[in-house]
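> Fold the following for me, if possible:
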Amino acid sequence: MEIHNADAADLSEIAGILDAAYLQIDIDSLRDRISVGTVLVAEATRNSAADAEHTGAVLGVLVLDGETITAIAVRPGRRGQGIGSALVGEAKTRQERLIAEFDPTVRPFWKSVGFVVSEQSGSERLRGISR
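Sure thing, here's the model as predicted:
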């Protein structure tokens, strides 16, 4: 697996992955984020035997807006394989600090990638800040 900036050719796959994760993002906004280089994709490497059937496929995506992670998703069949963690790890190399807001059901993931998680007053969503 390799992680790199998305390009326009990845747009359809990215939109499908985000949709499968029930994440709504405006397609024009996504296109803009790709053009400025703030959308990361994890892609299957062509020489990996484990990924032979997914050669070159986008496995996961992370969308940044400044220091805020606005979306992160991994193909349903590929979850639990470290893809999301790798995407967050790459984002950490690009930003000194990262912030994410998320549903409480994914709290364990955010804690596992080193985020300090707190409740937000007046909201059911949680907020995480990278350490």
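> Residue ranges in this protein under the pLDDT threshold?
Low-confidence segments of the chain, defined by pLDDT under 70: 46-55.
> Please, where are all the helices along it?
Assigned by DSSP state H, the chain shows helices spanning 11-20, 27-35, 83-94, 107-112.
> buried set for the longest one?
When burial is assessed from 16 or more other C-beta atoms under 10 Å, helix 83-94 yields the following buried residues: 83, 84, 85, 86, 87, 88, 90, 91. Any C-beta I mention is one placed from the backbone N, CA and C, and that applies to glycine too.
> How about the contacts made by the third one?
Residues counted as contacts of residue 85 (C-beta atoms under 8 Å, 6 or more residues apart in numbering) are 112, 113.
> run the last query once more with 10 Å
Listed by C-beta atoms under 10 Å, 6 or more residues apart in numbering, the contact partners of residue 85 are 42, 60, 74, 109, 112, 113, 114.
> Roughly how far does the fourth one sit from residue 29?
When distances are taken as C-beta to C-beta, to the nearest Å, residue 109 and residue 29 turn out to be 24 Å apart.
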